[in-house]
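>>> Please find the sequence and the predicted model below.
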Amino acid sequence: MQGSTVNSEQVIAVSQDGHGGHLEDHPDHRIFGLFMFFVAESFIFLGLFAAYLTFRAVTPAWPPEGTPELELLLPGVNSIILISSSFVIHKAEEAIKENDVKGVQLWFAITAAMGALFLVGQGYEYAHLEFGLTTNLFASTFYVLTGFHGLHVTFGLLLIGAVLWRSRKEGHYSADSKFGIEAAELYWHFVDVIWIILFILLYLL
Amino acid sequence: MLGGIALTLFCLWFSQNNHLLPVPASANAGAIDSLFNAMLTIALGLFVLVQGVLIYAGIRFRKRPGDETDGPPIRGNIPLEILWTSIPAVLVLGIALYSFEIYSEMGGLDPMASGGTMVAHNHGSHGGMAIAATMGEDSAADALMDLDSKGKALAYGVGAGRDEAASADLDVDVMGLQYAWIFTYPDTGIVSGELHVPVDKAVQLNIKAQDVLHAFWIPQFRLKQDAIPGQQTSLRFKPTVTGRYPIVCAELCGAYHGAMRAEVVVDSPEDYDTWQASMVAAVDPANKVTLAAATEDFQALNPKTMSDRDFLEPYGSEMGVTSQSFQGLPHHHLH
Amino acid sequence: MAQLQVRPLAEENFPEKTGGNWKKYFTFNTDHKVIGIQYLVTSFIFFLIGGALATGVRIELATPDVDFVSRELYNQLFTIHATVMIFLWIVPAGTGAFGNYLLPLLLGCNDMAFPRLNAIAFWMIPPGGLLLMGSFFINEGAAASGWTSYPPLSLVNGKSGEFIWILSILVLGTSSILGAINFLTTIIKMRTPGMKFNNMPLFCWAMFAASILILVSTPVLAGALILLSFDLLAGTSFFNPSGGGDPVVYQHMFWFYSHPAVYIMILPVFGTISEILPVHARKPIFGYLAIAYSSLAISFLGLIVWAHHMFTSGTPAWLRMFFMIATMVIAVPTGIKVFSWLATLWGGKLRLNSAMLFAMGFISMFVIGGLSGVMVASVPFDIHVHDTYFVVAHLHYVLFGGSVFGLYASIYHWFPKMTGRMINETWGRIHFVLTLVGFNLCFLPMHYLGLMGMPRRVAEYDPQFATINTICSIGSYILAVSTIPFVINAVVCWRSGEKAPANPWNGLTLEWTLSSPPPEHNFPTPPVLKTGPYDYGTLDKRGSKKRPISQLRASDILSN
Ligand code: HEA
Ligand code: HEA
Ligand code: CUA
Ligand SMILES: [Cu+2]
């Protein structure tokens, strides 16, 4: 019993550097944490998508017979608005790298407007659909999936609003201090990606 | 060494001669029991090994008073680690293969074929009808009564065994509802609260549920299958020992889940014929008891509004159904 | 008791001793040590509540008739019992309490990556728990569909109780996800210089594996519960067959979380056991890398076996076979751990104190539960024992014999560090013996009950099972009594026990280099490692002479 699977030199790691520097000011891990959060969020949506696909698979006809056809034009335009808003918000990121807070405010405001337009479009679609939440299984999944996504868009709008509010203060954001801007932007991209999958699943498949 | 052999022998003896399972009363029960005994042997061996090492170490290697030194700095031993990775790997693979073998022998891999026949003879009228597109509140109740109308082609459960004919000797439709089992014999129209089957004949149960999940379990047959509203499941078996055995609901289905019991009676061929004749005679052709009527009657007997005693009293006589239909529903005897 | 031989590191750096200020435990404090203790005490209180509910279950089951509580209340009792034990005791105690308390100390950092998020995660627990307990007092009573809450039953039982249950699980699940984000970031990003993945303490590995599971599986449960609450409140029919839905889809989503959840509940305990054994056996852990990677293997396999809870449900045969084999394979990485622990003990100088006794009891009891787990993984056998007391026996052997024994071991082991006081050993041993006897008396006979034909979740049962059930109930009373010496011991010693030295067990992981309890900001400068976490009995660093660890000083562990 004298062998060893672990080289003891590997275990006894002796590092002579790394002295000094108080631990208080450890690097900013918030973006990393945000990505962890996205993993969790993705899995909620993944679970819901998987449920949707299973319902689809086990039900004899999908969407169930008699379900009114979904209109494609409005949601299509809506998707284009949302997807292009991702490019708009990315402009803000470029602006803050130049310390251009005014630019950030501009791009964020445009993004927010596009997001709000998307929500209005969604609301319009809801109001004019011929089926309700409990009409059938397809209708229920449709409303819950789009509604849950809409909730995320709303939350993204709130984030953008918060950044706009804070950016009024001189020097709150700069090229070196832009977590809020980055976070809002990443979140917005995330919500966009979810929408693309959702759109394919619900409208195109 | 000797002790090791003695222990191994003991594990073998114990696991082959345990009385941990009720009498096996169906054709596949014996196979499952041997599987259990094999797993028990392995488990007992591993159990003795681990406990032995723990106890031995606890006595032999305990710190002596005053000894403040450390043990030997052993960090690993690759051959040993390979050994205790590969032995369990081989063991579980063996168990998995053995389980697979038994499962396919008892028909677990082929419930679909049997499900197919079932769909054929029960769904002729409304198979394939899609769910109503707009289902109002009030039509939900109709849908409940008409769940099989979705016409799913698949049935889950245990089907015909490897060397068995595709269709069984006897088909029985089983309906689980809060809180009873109702058995319908499609060939004769018998509706009963007690399952009668002839010994040594292949029996196919087509299981459905009325309201919530239930599970149909006969411990002596080692068989269990959930009854799922909106889906069909099936169980195929061949009873081998005559007698009365409990049918237990094994899936939580509400407050009276524990009281949802029935009995299966494995009859000799003569007894079965007698029973069948008496049941057919009792069915007044003018006022034939249908499954729907029986369930409706039963549901009128909502246990939530009744005292325990009322509920647990044999239901049969108070119901508009023939008394035989529900004989022996709440029995409390296992064999 | 070993003499104080390791000097607390630079005590003068922290003149303000933080002990004594009990009020901070009731505030929104961001210190990971405070949060860890908040988690531990809160979850232990819920353990007592969950145990009291279990005692109610056992009193009812002492006789075959329904005589102690009504059938409706019985179903509420075991539903809330299981929910409390899982979501308010094992998960918050294993990950929340020990994860929070130990990770920064073991990794050599000052706090978790996101201290405020950490405090928020903790403060979701008490409201979540109170909400759940409160549901007993509403008209319809608490949720009564089992902790699995399968529809359609969960849709037709009392609506408000069920909704509160869903809400409470969503709150607790969110808390758990926020915790996992913190753990992963801390482990990946904040290890002290010189600490690689391959030489961090095994508890960190275990938390790493468990946090991944939390992050990917808990959200799916949230998804399932969102759909379930729509069915419950808005009249949709996702899981309701009367509207075209499919109840089996819920089962898949539920178990996609709840099977990994059992590893969320056991992995942190595997981790603490890997820390405790080497210290009290005075030997390096045997097979460090194998133990570390087997945690990852378990968490990966844990994600692809969920349908073994559905062998008698509506699952196709090939799926059953796949899930059977995948499930059984988990025995291999788990076996690697068990055998490595045994090898760690072999030839050591075992200090059989309360921590060690519970750790050895853990191995012994968990293996029984693991072996019965492999048995129920076999489809043909599970068709017989599914939803019977055999499964109840299995789950208590792994959850009580495993997780709870392991948590007790961890509490005894880190009590001096957390409180600055030693805990009484005699009472600890009494606690151990009572727990071991009561536990086995209560749960061992349940295997037989299940095999013979007793289903689970019933308030009334066949009289032929009466004797054995009475024995189980007596066992559960002993088990209930066994908590009394522990609680009294812990409370008395916390207030007035013997003062604990910095390193009472002569451990080599970083928390023992700090005073007991550690100062508020842990390490004044990032500690630089001089020894590995398990270098017991090895040569002195200078290679000169073999020197027992008991003569080491803090400066020998750290090199600054
Ligand atoms: C901490 C919690 C925990 C843990 C760790 C486990 C571990 C395991 N569980 Fe368990 N399980 C539960 C908690 C847990 N379980 C709960 C709560 C339920 C019931 C849920 C409910 O319905 O309410 C359940 C139910 C459950 C079922 C469903 C039963 C049914 O409802 O019909 C199954 C089926 O496969 C199963 C299997 C396993 C397996 C194979 C393991 C394996 O991980 C075990 C591996 C360990 C060992 C095998 C022992 C050590 C290894 C060796 C000594 C090596 C050699 C071994 C061999 C060669 C076999 N468990
Ligand atoms: C970590 C998890 C965990 C733990 C620790 C326990 C601990 C215990 N469990 Fe439980 N149990 C589960 C998880 C757990 N259980 C799960 C998941 C189920 C499945 C539920 C379902 O089917 O949905 C279950 C189901 C279950 C059943 C089956 C019920 C049924 O199917 O009908 C039984 C029956 O005996 C039982 C008993 C016990 C007992 C006696 C204990 C004992 O260990 C408890 C010991 C008691 C104490 C430690 C407390 C003692 C203190 C006091 C009594 C005084 C304190 C008083 C106040 C604070 C007011 N449990
Ligand atoms: Cu029907 Cu339980
Ligand atoms: Cu599982």
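Happy to help now that I have it. Residues are numbered from 1 along each chain as shown, chains lettered A, B, ... in the order given. Ligands and ions are numbered 1, 2, ... in the order given.
>>> For chain A, which segments count as helices?
For chain A, applying DSSP state H gives helices covering A:8-11, A:30-58, A:73-97, A:101-128, A:137-167, A:179-199.
>>> just checking, what packs against the fourth one?
Think helix A:101-128. helix A:73-97, helix A:137-167, helix A:179-199 (3 or more CB pairs under 8 Å, 6 or more residues apart in numbering or on different chains; DSSP states H and E). Quick note: C-beta positions are derived from backbone N, CA and C, even for glycine.
>>> and the shortest one, what does it pack onto?
It stands for helix A:179-199. helix A:30-58, helix A:73-97, helix A:101-128, helix A:137-167.
>>> Among those helices, which comes closest to ligand 1?
helix A:30-58 (19.5 Å; CB to the nearest ligand atom).
>>> distance between that closest one and the chain's centre?
Between the centre of helix A:30-58 and the centre of its chain there are 11 Å (CA atoms, centre = their mean, to the nearest Å).
>>> next one: stretch C:204-221
13 Å.
>>> likewise stretch C:499-508?
With CA atoms, centre = their mean, you get 24 Å for stretch C:499-508.
>>> before we move on, what about stretch C:243-261?
23 Å.
>>> so does it get close to chain A?
Yes - contact of stretch C:243-261 with chain A (CB under 8 Å from any CB of the partner chain) involves C:Gly243, C:Gly244, C:Gly245, C:Asp246, C:Val249, C:His252, C:Met253, C:Phe256.
>>> For chain B, which residues are neighbours of ligand 3?
Selection of chain B residues close to ligand 3 by CB under 6 Å from any ligand atom yields B:Gly176, B:Tyr179, B:His214, B:Cys249, B:Glu251, B:Leu252, B:Cys253, B:His257, B:Met260.
>>> switch to 5 Å and redo it
B:His214, B:Cys249, B:Cys253, B:His257, B:Met260 (CB under 5 Å from any ligand atom).
>>> Give the burial count for the last one, as a bare number.
The burial count assigned to B:Met260 is 25, neighbours taken as other CB atoms under 10 Å in any protein chain shown.
>>> now A:Pro27
Residues near A:Pro27, counting by other CB under 10 Å: 9.
>>> Any idea which residue of chain A lies closest to chain B?
A:Gly66 (2.6 Å; CB to the nearest CB).
>>> Would you mind putting the residues of chain B next to ligand 3 into CSV with pLDDT and secondary structure alongside?
Below are these laid out as CSV (pLDDT from 0 to 100; DSSP: H, G, I helix; E, B strand; the rest coil):
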residue, pLDDT, secondary structure
B:His214, 94, strand
B:Cys249, 95, strand
B:Cys253, 93, coil
B:His257, 93, helix
B:Met260, 92, coil
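>>> ok, and which of those residues reach chain C?
B:Cys249, B:Cys253, B:His257.
>>> can you pull the contacts of residue 157?
Unless you meant another one, I'm taking chain A. A:Ala112, A:Gly115, A:Ala116, A:Leu119 (CB atoms under 8 Å, 6 or more residues apart in numbering or on different chains).
>>> actually it's chain C I care about, not the one you picked
Contacts of C:Asn157 (CB under 8 Å, 6+ apart): B:Gly254, C:Ala143, C:Ala144, C:Ser145.
>>> now it: how far from ligand 3?
C:Asn157 sits at a distance of 13 Å from ligand 3 (criterion: CB to the nearest ligand atom, to the nearest Å).
>>> Can you read off the pLDDT for residue 187?
Using chain A. Among the per-residue scores, A:Tyr187 shows a pLDDT of 94.
>>> wrong one, I was asking about chain C
Reported pLDDT for C:Ile187: 94.
>>> who wins for proximity to C:Val220 among the helices and strands packed on helix A:101-128?
helix A:137-167 (13.7 Å; CB to CB).
>>> Give the rounded mean pLDDT of that closest one.
92.
>>> Distance from the chain centre to that helix, please.
The answer for helix A:137-167 is 9 Å, by CA atoms, centre = their mean.
>>> Report the buried residues of it.
Of the residues in helix A:137-167, A:137-146, A:148-150, A:152-153, A:156-157, A:159-160, A:163-164, A:167 count as buried by neighbour count, 16 or more other CB atoms under 10 Å in any protein chain shown.
>>> who's in contact with C:Leu167?
C:Leu131.
>>> same deal with the one 5 residues further on?
The neighbourhood of C:Leu172, defined by CB under 8 Å, 6+ apart, consists of C:Phe87, C:Leu88, C:Val91, C:Pro92, C:Met124, C:Ile125, C:Gly128, C:Gly129.
>>> run the last query once more with 6 Å
C:Phe87, C:Gly128 (CB atoms under 6 Å, 6 or more residues apart in numbering or on different chains).
>>> Look at it and tell me its secondary structure.
Recorded secondary structure, C:Leu172: helix (DSSP: H, G, I helix; E, B strand; the rest coil).
>>> From ligand 1, how far out is it?
According to CB to the nearest ligand atom, C:Leu172 and ligand 1 sit 16 Å apart.
>>> swap in B:Glu81?
13 Å.
>>> same deal with C:Leu107?
25 Å.
>>> Distance-wise, check that residue relative to C:Phe203.
C:Leu107 sits 10 Å away from C:Phe203, going by CB to CB, to the nearest Å.
>>> and these two? which has more neighbours close in?
Comparing C:Leu107 with C:Phe203 by neighbour count (other CB under 10 Å), the higher total belongs to C:Phe203, at 28 against 23.
>>> Need the nearest residue in space to the residue of the stretch 251-400 of chain C at minimum distance from ligand 3, chain neighbours excluded.
Distances between the stretch 251-400 of chain C and ligand 3 by CB to the nearest ligand atom are smallest at C:Asp387, namely 9.1 Å. Among residues not flanking C:Asp387 along the chain, B:Ala250 sits closest, at 4.3 Å (CB to CB, 6 or more residues apart in numbering or on different chains).
>>> if I pick the one you found, what's in contact with it?
B:Ala250 is in contact with B:Ala215, B:Trp217, B:Lys224, C:Asp387, C:Pro455, counting by CB under 6 Å, 6+ apart.
>>> Quick one, grab the pLDDT at the fourth one.
Reading off the confidence values, C:Asp387 has pLDDT 95.
>>> so how many other residues sit close to it?
Number of residues near C:Asp387 (other CB under 10 Å) recorded here: 24.
>>> what's the burial count for residue 108?
You didn't pick a chain, so chain A it is. 25.
>>> wait, I meant chain C there
Neighbour tally, C:Gly108, other CB under 10 Å: 26.
>>> does it really touch C:Pro527, like I thought?
Yes - counting by CB atoms under 6 Å, C:Gly108 touches C:Pro527, with 4.4 Å between them.
>>> Which neighbours do the two have in common?
Joint contacts of C:Gly108 and C:Pro527 (CB under 6 Å, 6+ apart) are C:Thr192, C:Leu510.
>>> I'd say C:Gly194 and C:Leu529 touch.
Yes - contact criterion CB under 6 Å: C:Gly194 and C:Leu529 qualify, at 5.0 Å.
>>> Mind checking which of those two has more residues around it?
Of the pair C:Gly194 and C:Leu529, C:Leu529 is the one with more neighbours under other CB under 10 Å, namely 24 against 20.
>>> What's opposite the more buried one in the beta bridge?
C:Leu558 (DSSP bridges).
>>> With that, I have no additional questions.
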